[in-house]
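S.K.: The following block contains a protein sequence and its predicted model.
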Amino acid sequence: KTAYEIYQCDWSSDVCSSDLDPWMKEGVTSYYGNALAARAGWIGPAEVDSLFSGYEERVFGSVKLETIPLSDPRIWYEEYSGESWRRLTYDRGHAVALLLDVYLRTETGNEGSLDDVLRTLYRDQLHQGFSRGELLAAIEVATGVDAAWFFGRYVESVEIPEPAEVDRALREAIEFGVYRPD
């Protein structure tokens with residue numbers, strides 16, 4: 001499949017969107033914007049290596065980021081009302097999407113990924129919202145992985161992925177071929 005076919009869920013026009021996980025709209029879009037740009041050859045290894053440069057400065061030290069879980073519905077309404085809200089969905093959401101993809105690839109020996117989850121959502125939830133349960137079910141159907149603990153840690157809680165953890169996940173994603181040109 002081409003990079004475009006992998007990412008047929010058009011989050012910006014709500015072709016499929018999560019009702020309970022507002023971070024997905026921009027977090028997953030940020031993640032795949034970079035992954036697909038690399039797969040298409042539009043950005044190279046140097047740009048991929050620097051995808052999270054400045055992450056620590058942008059994400060840590062903001063009271064909003066440290067006290068709001070990614071599942072908080074206020075994100076839908078506040079996303080563009082201030083820089084902290086933007087960082088919550090784009091920067092923290094981007095990091096969580098990276099960690100989720102790496103987790104799925106690790107658990108499946110790189111045989112299942114967030115790409116597969118998006119294909120499943122596109123097939124099953126086109127033009128409709130999906131619940132957390134439906135998202136977790138799509139993850140399990142697409143990859144065979146139970147990701148409930150992951151959502152408990154990174155989406156439902158206020159835990160922010162540490163810079164070292166994000167850097168490690170980026171290195172693993174590179175090894176898995178996430179950013180390899182198609």
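M.R.: Arrived safely, thanks for sending.
S.K.: For residue 159, what is the enclosing helix or strand?
M.R.: Using DSSP states H and E, residue 159 maps to neither a helix nor a strand.
S.K.: Report pLDDT for it.
M.R.: The predicted structure scores residue 159 at 86 on the pLDDT scale.
S.K.: Near it, how many other residues are there?
M.R.: With neighbours defined by other Cβ atoms under 10 Å, the count for residue 159 comes to 15. All C-beta spots, glycine's among them, are computed from the backbone N, C-alpha and C.
S.K.: Okay, strands next: where are they in the chain?
M.R.: 16-18, 128-130 (DSSP state E).
S.K.: if I pick residue 159, what's in contact with it?
M.R.: Residues in contact with residue 159 (Cβ atoms under 8 Å, 6 or more residues apart in numbering) are residue 153.
S.K.: and the gap between it and residue 75?
M.R.: Relative to residue 75, residue 159 is positioned 16 Å away (Cβ to Cβ, to the nearest Å).
S.K.: got it, and residue 33?
M.R.: 19 Å.
S.K.: Those two: who's more crowded?
M.R.: It is residue 75, of residue 33 and residue 75, that has more neighbours when counted by other Cβ under 10 Å, with 20 against 14.
S.K.: circling back: weakest of the strands of the chain in terms of mean pLDDT?
M.R.: When the strands of the chain are ranked by mean pLDDT, strand 16-18 comes last with a mean of 52.
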